[in-house]
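K.L.:
3D, please:
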Amino acid sequence: MAGPTSAIAHAPTGAPRLRASVLAKIRLSHVWAASAVAIPVIVIAGTPLAVNDLAYHLRAGDIMFDTHAILRTDVFSAVAYGKPWLNQQWLAQLVLATAFRLGGWFGLVVLRALLGALVLSFVFLACRAAGAATKRAAWLTLASGVILMGGFTLRPQLLGMGCFAVTAWLVARRRAHPQGVWIVIPITMLWANLHGSFFLAPLLLGLAWVEDRWVRGRGARTLLLAGLGSLLATTVTPYGYKVWSYAAGLATNPVIRKTITEWQPPSIDVYTGAAFFLSVVVVAALLIARVRRPVPWGSLLSLVVFLAIALTAIPIAWLVVFGRHRRIAYRGDWTRAARRGGWIGLLVAIFIVLRLQGALELPIALFLLALAAVAEATLSAER
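P.N.:
Residues are numbered from 1 along each chain as shown. Coordinates of the predicted model:
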């Protein structure tokens, strides 16, 4: 009896040692990463669901489950009843309806929290893949969570944000894992059936190819082919290439731009817009403050493009781009740093004034950005 008794007597000591070994493996970097994702997700989970158009998405999903067919005609409005309907978001509606059938309203709350965690996790991973230290990546992720808090409503848009975050991570790690960009193609297939922001997938790959070509003198063939494949993947929907006319129609329809949140320009009158403009000011300050390593203009192209997009629609992943290009800095050239910082500050001020006056349009924004780029390039060439 001595053997078994001795074994039983010593058995409990193994559990504390196991817990101690597990705790010993937890580092401060792990806490930073977990906090950057967990804090916004807790806030998201505690925020009431905004119904907006959620109810009709749930109803559309239920109808498709009951009929075993994709809705192609309008069954909701009295004026357009029975008319053809390009229901590009049909897959998102099925996802939402599935969550509701499995768990009711609580299931929808869980789904929103999971999608928010997915977005923030891949924002963090994208920042890390770009070379940002763990602490910096965590702060960028937390900042993006604060800015995007108004965008974490349970709509097809949130599923599109998840696709964007995963794509940004795959693109950010392309130099260490070049074959990973091929995964963007199946992601684009899903994205094109979830939300109208699917055009951002080939755009990200195209910008990455331009950046590599500018920095290295040549663009990776894999990136170019993956970008073309992603472009073709956008047509793998029940509606084929017509999803592009759908997305273009959403972006240009004056009624939609006045009533649908994600297609409206940012405004300082609402939280999301004010947070966005504040982030622009903060990043402008960081551009001036960091004086270590110069970055070619090719690496800044994504920032310019997404700034233009952000000025015409709510930015769904603004800080992801900043995280990917966190090397925006200068090697001791304070004159150049001050000049470029001045350009950015002047542009931000002009954009804010134009926005307040209601005169900010995409052609004007692109013209001002191009003018500043030409002026900076001319001054840099004279040195």
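K.L.:
what about the protein, any weak spots by pLDDT?
P.N.:
1-26, 28, 215-219, 251, 257, 260-265, 271-272, 283-300, 311-349, 351-383 (pLDDT under 70).
K.L.:
which helices and strands does the lengthiest helix in it pack with?
P.N.:
In the chain, with assignment by DSSP state H, the single longest helix is helix 90-129. In terms of contacts (3 or more CB pairs under 8 Å, 6 or more residues apart in numbering; DSSP states H and E), helix 90-129 is packed against helix 28-45, helix 54-67, helix 134-147, helix 156-172, helix 318-324. (C-beta placed from N, C-alpha, C; glycine too.)
K.L.:
could I get those as JSON lines with mean neighbour count and distance to residue 120?
P.N.:
Output for the helices and strands packed on helix 90-129, formatted as JSON lines (neighbours: other CB atoms under 10 Å; distance: least, CB to CB, whole Å):
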{"stretch": "helix 28-45", "mean neighbour count": "17", "distance to residue 120": "5"}
{"stretch": "helix 54-67", "mean neighbour count": "16", "distance to residue 120": "21"}
{"stretch": "helix 134-147", "mean neighbour count": "21", "distance to residue 120": "6"}
{"stretch": "helix 156-172", "mean neighbour count": "25", "distance to residue 120": "8"}
{"stretch": "helix 318-324", "mean neighbour count": "26", "distance to residue 120": "10"}
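K.L.:
Now tabulate these in TSV and tack on distance to residue 102.
P.N.:
Output for those, formatted as TSV (distance: least, CB to CB, whole Å):
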stretch	distance to residue 102
helix 28-45	17
helix 54-67	12
helix 134-147	26
helix 156-172	17
helix 318-324	30
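K.L.:
out of the ones you listed, which comes closest to residue 185?
P.N.:
Of all these, the one in closest proximity to residue 185, counting by CB to CB, is helix 156-172 (10.4 Å).
K.L.:
Tell me which helix or strand comes right after that closest one.
P.N.:
Per DSSP states H and E, the first helix or strand lying C-terminal to helix 156-172 is helix 184-191.
K.L.:
relative to helix 156-172, how tilted is that next one?
P.N.:
180 degrees (axes from the mean of the first three to the mean of the last three CA atoms, to 10 degrees).
K.L.:
Tell me which residues of helix 184-191 come out buried.
P.N.:
184, 185, 187, 188, 189, 190, 191 (16 or more other CB atoms under 10 Å).
K.L.:
Stretch 110-124 too?
P.N.:
Those would be 111-113, 115-124, for stretch 110-124 by 16+ other CB under 10 Å.
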